[in-house]
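Engineer: return atomic coordinates for the entry below.
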Amino acid sequence: VQLQASGGGWVQPGGSLRLSCALSGLTSKQFILGWFRQAPGKEREFVANVLWSGSRPAYAAFVKGRFSIDRDIAKNLMSLQMNSLEPEDTAVYYCTARHTSTSRYDYWGQGTQVTVSS
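Structural biologist: Residues are numbered from 1 along each chain as shown. Now for the predicted structure:
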C-alpha cells in the first residue's frame, strides 16, 4: 500500500492550494480516506475524510467551509481543495487511509508542506 501526497507549497493568506494523494495497493472499497496535518510544535490533527466512494465527506471544525475533499475513482486519487488559507493552516499535510472496521489510520503518505504567509 502506498499513498503519495503532492501539491503543497507557499501561498499568501487568502490564497488556495489543491493537494492530491495518489493511492495504490488499496484493493478493497472498505476504506475511509483522509487528511491530517501537523504544525510545528503541535500534534497531528484531523482535517477531513471521505468514504472510498467519495461520499460522506467530513471535516474538522476549523475548516469552516474552506476546504473540500473529493475522490477521482478512475485515477485512484484523493484531493483536498483548500481555499481562503490562513497562516494557521501552515503545516505538513498527510493523506491517510483506514479500514472501516477500525478507528486507527494504518496507512500514511509522506506528507506535503503547506506554508501560508505574506
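
Engineer: next, the residue nearest the centre of the chain: phi, psi?
Structural biologist: By CA atoms, centre = their mean, the chain has its centre lying nearest to residue 35, at 2.7 Å. The phi/psi pair for residue 35 (degrees, to the nearest 10) reads phi -130, psi 140.

Engineer: wait, doesn't it sit right on residue 94?
Structural biologist: Yes. The pair residue 35 / residue 94 is scored as a contact, 6.9 Å apart, by CB atoms under 8 Å. (Each C-beta comes from the backbone N, C-alpha and C, glycine too.)

Engineer: OK, contacts around residue 45?
Structural biologist: Applying CB atoms under 8 Å, 6 or more residues apart in numbering, we find residue 45 in contact with 36, 37, 38, 60.

Engineer: repeat that for residue 42.
Structural biologist: Applying CB under 8 Å, 6+ apart, the residues contacting residue 42 are residue 91.

Engineer: swap the cut-off to 7 Å and go again
Structural biologist: If a contact means CB atoms under 7 Å, 6 or more residues apart in numbering, then residue 42 has no contacts.

Engineer: out of the contacts of residue 45, which are inside helices?
Structural biologist: Of these, none are assigned to helices by DSSP state H.

Engineer: stretch 110-118 spans what distance, first to last residue?
Structural biologist: 26 Å (CA to CA, to the nearest Å).

Engineer: name the residues of it that are buried.
Structural biologist: Of all the residues in stretch 110-118, those buried under the rule 16 or more other CB atoms under 10 Å are 111, 112, 114, 116.

Engineer: what are the boundaries of the helices in this structure?
Structural biologist: Using DSSP H, helices in the chain do not occur.

Engineer: please, where are all the strands along the protein?
Structural biologist: Taking DSSP state E, the strands of the chain run over residues 2-6, 9-11, 17-24, 31-38, 45-51, 58-59, 67-72, 77-82, 91-99, 107-108, 112-116.

Engineer: quick one on the thing from earlier: tell me the pLDDT at the residue nearest to the centre of the chain?
Structural biologist: Residue 35 is assigned a pLDDT of 98 by the prediction.

Engineer: give the contact list for it.
Structural biologist: Each residue near residue 35 by CB under 7 Å, 6+ apart is listed here: 47, 48, 69, 80, 93, 94, 95.
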